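> next input, structure requested:
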Amino acid sequence: MKFLALTLVTLMTSASFAKISSTEIDQLCLDLLIKESHHIQATGDVHEGELLADILIPASQREKYPSTVIENTCIKISYDGIYECKLFITATANGVPMGETYMEYAAWVGADQKPTSILNEFVEISRGH
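Residues are numbered from 1 along each chain as shown. Have a look, this model is predicted:
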């Protein structure tokens, strides 16, 4: 009986270590959004000819924009792996916020906990100054 209990505890513990953290899912979803941004239309507060890929440059090239604050939060909204994500990109100068870009998108995360697709055909952009 002790062996069975120990085996069950070991299995449950190792299964919990196999899960990735919400922070990792946030980053993986953002990476996938950046990768697929050339196929997603940006609407809303965008400049003429501006693409989603252009808006995401500070998130994709963080070493060139070290003072930009990127906050991406994804929440699982369905049992079949759909996550709703909210992305804030805040440009700063000497620690003072200079402008903010906000967007929401949805990602599908498979059973292996890896995002496989962005579900949006377009992303609504909102900006504040």
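> show me where this protein has its strands.
Ranges of strands in the chain, per DSSP state E, are 41-44, 69-76, 82-93, 96-109, 115-118, 122-128.
> so for Lys35, which of these sits nearest?
With Cβ to Cβ as the criterion, Lys35 lies closest to strand 115-118 of the strands of the chain, at 8.7 Å. For glycine as for every other residue, the C-beta is placed from the backbone atoms N, C-alpha and C.
> what about this protein, any weak spots by pLDDT?
1-19, 129 (pLDDT under 70).
> before we move on, back to that, mean neighbour count added to the strands of the chain, as CSV?
Supplementary listing: the strands of the chain in CSV, determined by neighbours: other Cβ atoms under 10 Å:
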stretch, mean neighbour count
strand 41-44, 14
strand 69-76, 16
strand 82-93, 17
strand 96-109, 17
strand 115-118, 17
strand 122-128, 15
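> now those in CSV, with distance to Leu52?
Compiled in CSV, the strands of the chain are given as follows (distance: least, Cβ to Cβ, whole Å):
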stretch, distance to Leu52
strand 41-44, 4
strand 69-76, 14
strand 82-93, 11
strand 96-109, 8
strand 115-118, 10
strand 122-128, 6
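> out of those, nearest to Ala53?
Nearest of the strands of the chain (Cβ to Cβ): strand 41-44, 8.7 Å.
> what packs against the closest one?
Using 3 or more Cβ pairs under 8 Å, 6 or more residues apart in numbering; DSSP states H and E, the elements in contact with strand 41-44 are helix 52-55, strand 122-128.
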